[in-house]
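>>> coords please:
(2 chains)
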Amino acid sequence: MEFYLNGELQQCTGVDANMTLLRYLRERLGKVGTKEGCASGDCGACTVLIADADDTSPQAINSCICLLGSVQGRQVLTVEGLEQDGELHPVQQAMVDCHGSQCGFCTPGFVMSLAGLYQRSLAQGGETPGRHAITDCIAGNLCRCTGYRPIVEAGQRMLTYPQRGIFNEPATQTGAPDRDDRQPLVGGAQRYYQPRSRSNLRAILAVEPGATLVAGGTDLALEITQRYREFEVLVDISAIDSLATIGEEDGYIRIGAGVRYHQLMGHPLLASTPLDGLLARLGSEQVRNRGTIGGNLANGSPIADMPPVLMAWGADVEVVNTLGERTRYPVEDFYLDYRQTRLQAGDYIEAVYIPMHLSRAPHRFYKLSKRFEDDISSVMCAVSMTLDGGYVLGVRIAYGGMAAVPRRASAAEQQLLGAQLTDAVIDNACTSLDNEFQPLSDVRASAVYRLDMAAALLRRALRALRDGDAPDVFELGEVSHA
Amino acid sequence: MRKLTPAYNPNAPAVDPVGKSLPQDSAARHVAGSAVYVDDMPAYPDQLHVAVGVSSHAHARVLGMALDAVRAAPGVVDVVVQADIPGSADISPVFDGDLLLAGDTVHYVGQPLFAVAATSLEAAQRAVQLAQVDYEPLVPRLEVTESLAAEDFLLPTRRSRLGDPEAALAAAAMTLSGEMAVGGQEHFYLEGQVALAVPDEVGVQIYSSSQHPAEVQKLAAEVLDLPLHAVTVQVRRMGGGFGGKESQPAALACLAALFARRTGRSVRYRMPRWADMVQTGKRHPFWNRYTVGFDESGVIQALVMDVAGNCGCTADLSDGIVDRAANHADNAYFLKNAAVTGYRCRTNMVSHTAFRGFGAPQGIVTTEAFMDDIARRVGMDPLDVRKANLYRPGDSTPYGQEIEESVLVDLVAELEHSCDYRARRAAVAAFNAQGGTLRRGLSLVPVKFGISFTTTHLNQAGALVHIYTDGSVHVSHGGTEMGQGLYIKVAQVVARALGVSIERVMPGATCTDKVPNASPTAASAGTDMNGMAALDACNRIRKRLVSFAAQHFGCDEGAVELRDDHVFAGEQVVPFPDFISLAYLNRVSLSSTGFYRTPKIHFNRETGQGRPFFYFANGAACSEVVVDTSTGEYRVTRVDVLHDVGASLNPAIDIGQIEGGFVQGMGWLTTEELSWNDDGVITSNSPANYKIPTAADVPEHFDVRLFQRPNAEDTVYHSKAVGEPPLMLPISVWCALRDACASLCDYRFNPRMDPPATPERVYWAAREALRG
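The predicted structure is shown next:
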């Protein structure tokens, strides 16, 4: 396999399928400017930018949980690639001038995240991004020394220096020979495949029954970096274009399983939904640039944030087996038990389908976590409701973090259906959750708090859908220092 | 050939860098990715990597270990158990008990039992999973309150007394009693623990990420049974320390050194984050209880307080940590009569260790909780109660140190005015009076922090300054750079002392063969001590240079000046490099060591009395929050800080320390929650479930200012230490969250809300307030 590092072609030989980009950079190329802080995609010290070979619009990713094979043919920009003729890039100079580094270990990661924002801002005319855009861009970068103020300030100053793009020109294409994508990209005892079509994907799955599918890898790579597991066969579906599109189909919004979160943000078909606000907190920019909707479903986690949303939308998930046979399940039926789904060996998720009319119904999505940004939910609540003259015409309530699987609150829905939405009716629906859920106590929250929060969030959602939203603490925070 | 040098321009700006906001010495290398950390150092081709097999029990007898599969695993080159250690297996910093590898008993989950050296980190980690360990489980002690009840202490209990607290409590108009469990904290330095050992012909060269290279040297030598001179330890920089690299790095360095000696190969031991969060010590959780007596105007008459540190399974640095918690129970307030007792409780947890503040935060937060409670009881604004109790010059602390400066009263008054406290208090009250689930809270909290190691002998430092023949200067000292800006501050001191520009001064890596027997870089004293030692070295060289200049140019020594990169001797003005070259040719020594011992300090641990601190650093912060009391979610909306760093050597560096300390302390008090399950397994074991603040948690209005008053004590250019004190400023955030919840019961009382104030705990506090 091969990729472009800071504009130069790298031919990778003697690598194994489980090699991460970070390890390759540090251990094989001696490019040690990129740091490992956690090897789990939580701290951002390993942030690099990637772009397609013919593209100059980069995306920040965590190189620690990026499998090397997944950057095949792409450009990778590391902190070593920013200086030009021995001069610091404006992002770097702004960090120095604002005293944005103390111990310096997280600094290359912050520099790369800001560099991504810098390049996007340049593409949009070179205006200084707003404070919120800056904090969002570095939400996946942890700093333990500075308290962030000077780093945010560097983001506010970086475009005031003489401007200089970071990917000035697309990397020179070497015209790599067309490869047979049914053959492994990385071979040997451990194999990494990257098919470009669904038929080749099925062909590979037919001959490699032990294969593990990988899309963004933001969860799967932790098996490698935290538990030192060695996968024998990895099949990367991220090069299959038809899995990575969002479109309208027969009254449904079809979201391909390989669609990454950042593609969903601001998408016109979902513009009427409160999804963007949730996605901003679902994961950091580095994670949103990698994680896929199919991955979020397939890993079967009870605390994934998308399944409750999809349930509130009444979405179906489409599963395809090696014979090409398609089966659609309502998302709530896709989950069987803790970390168990309908997926059998050789199956893959093709897409999710959201009925257009349900996607346009009023929704509220609330995520509760210890930390506001980039944290796993204690409780995730998604509610969809249509009212007619104060009466509930339709309602869908779904939770994450409340059971072994993401689940709908059927009893509460039944209580609400057809009822006039008075405060008393809302309270009764909220109370019914106590009988419907038996959540666990764990490191994120106690069972009693989860139960109380399930009710509090449902009450907030139903009142908001009835009366309009009350201000929340996060809005008030912004207002007070305006 | 004579070099042309520009003539001295008397109108050029002075080059004296002291007091200037110079960037951190490595800033340009940080942003370029070229600053080298231990794990960035090039590998020898035959380098080995270390992993350890650890206990899965909190307390158990080890009946046997089957390691054959480990030895046979791919890539494994060497395996060691305790019996393979040639010297001492005990690597404790002060008291005995910290074993490099466990013997027949394990005392916490994650305690290393054996170690593997293999050809890759992954091979080593996979190999250790293959061990079969046979345990006989014993009953673990996991609750500090149980240790306290059973008097299961690691070290003797210590007491400080002032006046007659029992009589004063009995006579007080009002009393309050309470208890508080204070959470610990994971350091989460971004660079995990790491060491690299390279064998040499006499011993071993160690590159460590350590705040205390001299201790790493000593312990590695003892483990290897070598004299200290056969082991050299170098620390160029750490990727964060915060106290977590004071005693903890020794184990990694010792194992790497042991394998290096056994195999003759270079050995790298980098602890992955998941292992670091389990195997290394954290900030001590505390359990504190108190009775405070006060009069109708909220003035404290007496305090009786017990602080119980959860030390984990060994003493480590806990003696000093519990001392500091106890002797900061007064925070900024004159207690009149006090009895403060500190307990060092044993539990079957990883041994808790130093963390910025070193126990003081856990004492102070308890005191600030009851300051608010006193205010509710007497119906006063909490700020007025705090102001009424602030120390004045002449007051005595419970440990017998007299307050000499009157910074606190002036500083609090200045912040109260500049942050518009009164008007904002009225606005918060008006907002909350509207009712509803959203509530605002406000709090202004002072902090006083004693500066010096309470272990008196550690208050010594050494430095080594060289001037080379081109006039460039190299400075080394025993202090380590962990991001706090020590290197640049000392370089600024050296530049002023020699009268040269900062560009001439290069800070060198800290190394045990340059400056021996150095104390840890800790207790906020890095600049105070190493700056003074470097100044001493400079003064010695300077004296020689002045004497030489006077003799050479035929003037009085009093007529010689070193400033602005020149030497002025009578009518002569010579550029510094030319003068140095001349001095060299005239055989003047251009190198010197320097030494410093902190004056005035003494402390008797037995009586709990003395002057443990050279001086106090002070500060205050006002924080405002908004809380959704229906869920416990909250946001910090505004922070104003005024902090006393004396005459700042470098305002940008000092402000960086204050801001960074504030946010780190805010994390400790809000989202950072350590948790263990009933088997003693730490469940907050990853950044996915242990949440330090992000940029979005910091309010846009975060105004940090320096209190403008030089240190009355003779510190380095009358500056003050800044590393730890700001960590306690965000106690104002915690108090403001509680203040917001108290609005639900019309401020009749404060609900209990033991830190950290996670959304869940804020929610329960709000529920308690609502119940009335």
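
>>> hang on, isn't A:Gly104 packed against B:Gly33?
No. Distance between A:Gly104 and B:Gly33: 9.3 Å, which falls outside the contact criterion (Cβ atoms under 8 Å). Glycine gets a C-beta too; all of them are placed from N, C-alpha and C.

>>> could you pull out the helices for the stretch 501-650 of chain B?
Along the stretch 501-650 of chain B, counting by DSSP state H, counting those that start in this stretch, helices occupy B:526-553, B:576-585.

>>> hey, which of those is tucked in deepest?
Stretch with highest mean neighbour count among those: helix B:526-553 (a mean of 23; mean count of other Cβ atoms under 10 Å in any protein chain shown).

>>> quick one: that helix to chain centroid distance?
30 Å (Cα atoms, centre = their mean, to the nearest Å).

>>> Poorly predicted segments of the chain, please.
Chain wasn't specified; assuming chain A. Across chain A, the ranges flagged by pLDDT under 70 are A:168-177, A:477-482.

>>> wrong one, chain B
B:1-6.

>>> Would you pull up the residue in it closest to chain A?
Residue nearest to chain A within chain B: B:Gly33 (2.2 Å; Cβ to the nearest Cβ).

>>> Now for that residue: which residues touch it?
Taking Cβ atoms under 8 Å, 6 or more residues apart in numbering or on different chains, we find B:Gly33 in contact with A:Val32, A:Gly33, A:Thr34, A:Thr78, A:Val79, A:Glu80, A:Pro108, A:Val111.

>>> Among those residues, which are located in helices?
Mapping the contacts of B:Gly33 onto helices (DSSP state H) picks out A:Pro108, A:Val111.

>>> Make CSV out of the contacts of B:Gly33 and add neighbour count and distance to chain B.
Shown next, in CSV, are these (neighbours: other Cβ atoms under 10 Å in any protein chain shown; distance: Cβ to the nearest Cβ, whole Å):
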residue, neighbour count, distance to chain B
A:Val32, 23, 4
A:Gly33, 26, 2
A:Thr34, 25, 7
A:Thr78, 24, 7
A:Val79, 30, 4
A:Glu80, 18, 6
A:Pro108, 30, 4
A:Val111, 31, 5
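
>>> Figure out the helix or strand that the most centrally placed residue in chain B lives in.
Centroid-nearest residue in chain B, with Cα atoms, centre = their mean: B:Arg356, separated by 2.8 Å. Applying DSSP states H and E as the criterion places B:Arg356 outside every helix and strand.

>>> Quick check, it in contact with B:Gly723.
Yes. The pair B:Arg356 / B:Gly723 is scored as a contact, 6.9 Å apart, by Cβ under 8 Å.

>>> Could you point out the longest helix of chain A?
helix A:447-467.

>>> List the buried residues in that one.
Neighbour-count burial for helix A:447-467 flags A:449-466 (criterion: 16 or more other Cβ atoms under 10 Å in any protein chain shown).

>>> of the residues you listed, list those near chain B.
Among these, proximity to chain B is found for A:Tyr449, A:Asp452, A:Met453, A:Ala456, A:Leu457, A:Arg459, A:Arg460 (Cβ under 8 Å from any Cβ of the partner chain).

>>> so which of those would you say is closest to B:Ser686?
For those, the minimum distance to B:Ser686 (Cβ to Cβ) is 21.0 Å, reached by A:Tyr449.

>>> Skip the chain neighbours and tell me the closest residue to that closest one.
When the adjacent residues along the chain are set aside, A:Tyr449 lies closest to B:Glu760, with 4.6 Å between them (Cβ to Cβ, 6 or more residues apart in numbering or on different chains).

>>> what's the spacing between the one you found and A:Asp442?
For B:Glu760, the distance to A:Asp442 (Cβ to Cβ, to the nearest Å) stands at 12 Å.

>>> neighbour count winner among these two?
Legend: neighbour count by other Cβ atoms under 10 Å in any protein chain shown for B:Glu760 and A:Asp442, higher for B:Glu760 (23 against 16).

>>> Okay, and that one sits in which element?
When elements are assigned from DSSP H and E, B:Glu760 belongs to helix B:759-771.

>>> And for B:Ala260?
Using DSSP H and E, the element containing B:Ala260 is helix B:249-263.

>>> ok, now which ones touch residue 111?
Answering for chain A, as no chain was given. For A:Val111, the contacting residues are A:Val79, A:Leu82, A:Val91, A:Gln92, A:Met95, B:Val31, B:Gly33, by Cβ under 8 Å, 6+ apart.

>>> looking at chain B here, not the other one
Listed by Cβ under 8 Å, 6+ apart, the contact set of B:Gln111 reads B:Val54, B:Ser55, B:Ala102, B:Gln279, B:Cys313, B:Val350.

>>> what does stretch B:117-136 rub up against?
A:228, B:48-57, B:60-67, B:69-70, B:73-79, B:106, B:113-114, B:116, B:259, B:262-263, B:267-268, B:270, B:272.

>>> Go again with 6 Å.
With Cβ atoms under 6 Å, 6 or more residues apart in numbering or on different chains as the test, stretch B:117-136 has contacts from A:228, B:48-51, B:53, B:57, B:60-61, B:63-67, B:69-70, B:73-78, B:116, B:259.

>>> Now, those residues that are in helices?
Among these, DSSP H puts B:Ala69, B:Val70, B:Phe259 in helices.

>>> And what about the residue nearest to the first one when sequence neighbours are not counted, helix, strand or coil?
Closest residue in space to B:Ala69, ignoring its immediate chain neighbours: B:Leu130 at 4.0 Å, by Cβ to Cβ, 6+ apart. The three-state label for B:Leu130, taken from DSSP: H, G, I helix; E, B strand; the rest coil, comes out as coil.

>>> separation between B:Leu130 and B:Val70?
Separation of B:Leu130 from B:Val70 (Cβ to Cβ): 5 Å.

>>> ok, the two, which is more surrounded?
Comparing B:Leu130 with B:Val70 by other Cβ under 10 Å, the one with more neighbours is B:Val70, at 23 against 17.

>>> which non-adjacent residue is nearest the residue most central in space within chain A?
Residue closest to the mean C-alpha point of chain A, counted by Cα atoms, centre = their mean, is A:Arg288 at 3.1 Å. Take A:Arg288 and drop its neighbours on the chain: the residue closest to it by Cβ to Cβ, 6+ apart is A:Tyr261, 3.9 Å away.

>>> Who are the contact partners of the one you found?
A:Leu279, A:Arg288, A:Gly291.

>>> Closest one of these to chain B?
For the contacts of A:Tyr261, the residue nearest chain B by Cβ to the nearest Cβ is A:Gly291; the value is 13.7 Å.

>>> what about stretch A:181-198, distance to the chain center?
Taking Cα atoms, centre = their mean, the mean C-alpha location of stretch A:181-198 is offset from the chain mean by 24 Å.

>>> scratch that, stretch B:754-772
Distance, centroid of stretch B:754-772 to centroid of chain: 30 Å (Cα atoms, centre = their mean).

>>> For the stretch 251-400 of chain A, just list every one of the helices.
Going by DSSP H, counting those that start in this stretch, the stretch 251-400 of chain A shows helices at A:261-264, A:275-282, A:285-288, A:293-298, A:306-312, A:331-334, A:356-359.

>>> can you pull the buried residues of the third one?
Going back to what we said before, that points to helix A:285-288. For helix A:285-288, a neighbour-count test (16+ other Cβ under 10 Å) marks A:Glu285, A:Gln286, A:Val287, A:Arg288 as buried.

>>> buried set for the strand or helix carrying B:Trp287?
Counting by DSSP H and E, the element that carries B:Trp287 is strand B:286-294. Applying a neighbour-count criterion of 16+ other Cβ under 10 Å, one finds B:Phe286, B:Trp287, B:Asn288, B:Arg289, B:Tyr290, B:Thr291, B:Val292, B:Gly293, B:Phe294 buried in strand B:286-294.

>>> That concludes my questions; thank you for your assistance.
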